[in-house]
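> need coordinates for the below:
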Amino acid sequence: MQIFGVDIGGSGIKGAPVDLDRGDLAQERHKVLTPHPATPEAVADGVKQVVDHFGWTGPVGLTFPGVVTGGATVRTAANVDPGWIDTDARALLGDRLGGLPVTVVNDADAAGVAEMEFGAGRGRRGTVILLTFGTGIGSAVFVDGVLLPNTELGHLELGGHEAEKRASSKAKEDHDLSWERWAHRVQRYLQHVEMLFSPELFIIGGGVSRKADKFLHLIEEVKAEIVPARLQNNAGIVGAAMRAAQSA
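Sure thing, here's the model as predicted:
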């Protein structure tokens, strides 16, 4: 069974048909740059470009980098235009895609659902936290496989700063941090999250998961097991498609 998944991020909009039997992309993904400013209308145009690239005419699952309630309404928009707040994303994107059935979910929640079903969290019980390091820091919290949606732990305060402003991949680039210095910031962040939630497992996702060998071994003072996401930066696309299939 194939369903289309789209991952809307602060820097790129990427998507592909997903083989839900394998939990992997059925074709190579197509990506366009996220427009700036990332207004609802401009992002919707980018989503249409990605979907049209494949000539897709079936259900579409989409992630959004913020809180999404009721599978439709955007409540926060930290890394895209604030015009998204209170927008009915399902209606907007469905209309732009010519009436295709659309499902919208928080981006990290989508990545987490995919990792729990097909990736590093498969079969794991207890508390598992996936953290995506990209333009910001997204989070997905699971207890015995059940998702607590829209946790947004990247906005925790750490040392007087919003955590994602100090420890995201974008922060590493913006401040020209070495892997060692950035890993130290990530370690402090993980220690803070661990103090609050006592997880058995951290899954590190986002684009930086492809370079786990550069930094994971530098994170030592965390009790929980820490592993990279197996689906890496495709997890959001797969999870979006999974949610669309459940809604179909």
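> buried set for the lengthiest helix in the chain?
Secondary structure of the chain per DSSP state H: the longest helix is helix 179-197. By neighbour count with 16 or more other C-beta atoms under 10 Å, helix 179-197 contains the buried residues 182-194, 197. Every residue, glycine included, has its C-beta placed from N, CA and C.
> angle of the helix or strand that comes right after it against helix 179-197?
Of the helices and strands lying after helix 179-197 in sequence (DSSP states H and E), the nearest is strand 201-205. Calculated by axes from the mean of the first three to the mean of the last three C-alpha atoms, to 10 degrees, strand 201-205 forms an angle of 140 degrees with helix 179-197.
> in its sheet, what does the helix or strand bottoming out on mean pLDDT in the chain sit against?
Using mean pLDDT, DSSP states H and E, strand 157-158 stands out as the lowest-scoring helix or strand of the chain, at a mean of 90. Taking DSSP bridges as the criterion, strand 157-158 forms sheet pairs with strand 161-162 (antiparallel).
> now the strand it pairs with, how far from the centre of its chain.
20 Å (C-alpha atoms, centre = their mean, to the nearest Å).
> again with stretch 35-55
With C-alpha atoms, centre = their mean, you get 17 Å for stretch 35-55.
> identify the residues contacting it?
If you take C-beta atoms under 8 Å, 6 or more residues apart in numbering as the criterion, stretch 35-55 is touched by 4, 6, 8, 10, 13-17, 27, 30-34, 60, 62, 79-81, 83-84, 87, 89, 92-93, 96-97, 100.
> what residues sit buried inside it?
35, 38-40, 43-44, 46-48, 50-51.
> for His161, state which of these is nearest.
Ala38 (23.0 Å; C-beta to C-beta).
> just say helix, strand or coil for that closest one.
Under DSSP: H, G, I helix; E, B strand; the rest coil, the three-state class of Ala38 is coil.
> with adjacent residues omitted, what lies nearest to His30?
His53 (4.4 Å; C-beta to C-beta, 6 or more residues apart in numbering).
> look up how far Phe133 lies from that neighbour.
Separation of His53 from Phe133 (C-beta to C-beta, to the nearest Å) stands at 27 Å.
> try Gly112
14 Å.
> so which of those two has more stuff around it?
Counted by other C-beta atoms under 10 Å, Gly112 and Phe133 do not tie: Gly112 has more neighbours, with 33 against 25.
> for Leu177, give me its contacts.
If you count contacts by C-beta under 8 Å, 6+ apart, then Leu177 has 171, 185 around it.
> so Val80 sits in a helix?
No: counting by three-state DSSP, Val80 is not found in a helix; it is coil.
> that one is in contact with Gly66, isn't it?
Yes: the criterion here is C-beta atoms under 8 Å, and Val80 meets it with Gly66 at 7.2 Å.
> who's more crowded, the two?
Of the pair Val80 and Gly66, Val80 is the one with more neighbours under other C-beta under 10 Å, namely 26 against 22.
> number of residues surrounding Pro82?
Pro82 has 11 nearby residues by other C-beta under 10 Å.
> now Gly15, nearest residue through space, not along the chain?
Nearest to Gly15 is Val6, by C-beta to C-beta, 6+ apart, at 3.6 Å.
> pretty sure the one you found contacts Val60?
Yes: between Val6 and Val60 a contact is recorded at 6.3 Å, counting by C-beta under 8 Å.
> who's more crowded, the two?
Higher neighbour count among Val6 and Val60: Val6, with 31 against 25, using other C-beta under 10 Å.
> how close does the more buried one get to Ser209?
19 Å.
> you'd agree Cys227 is in a strand?
Wrong residue type there; residue 227 is Val, not Cys. Yes: looking at Val227 with three-state DSSP, it is inside a strand.
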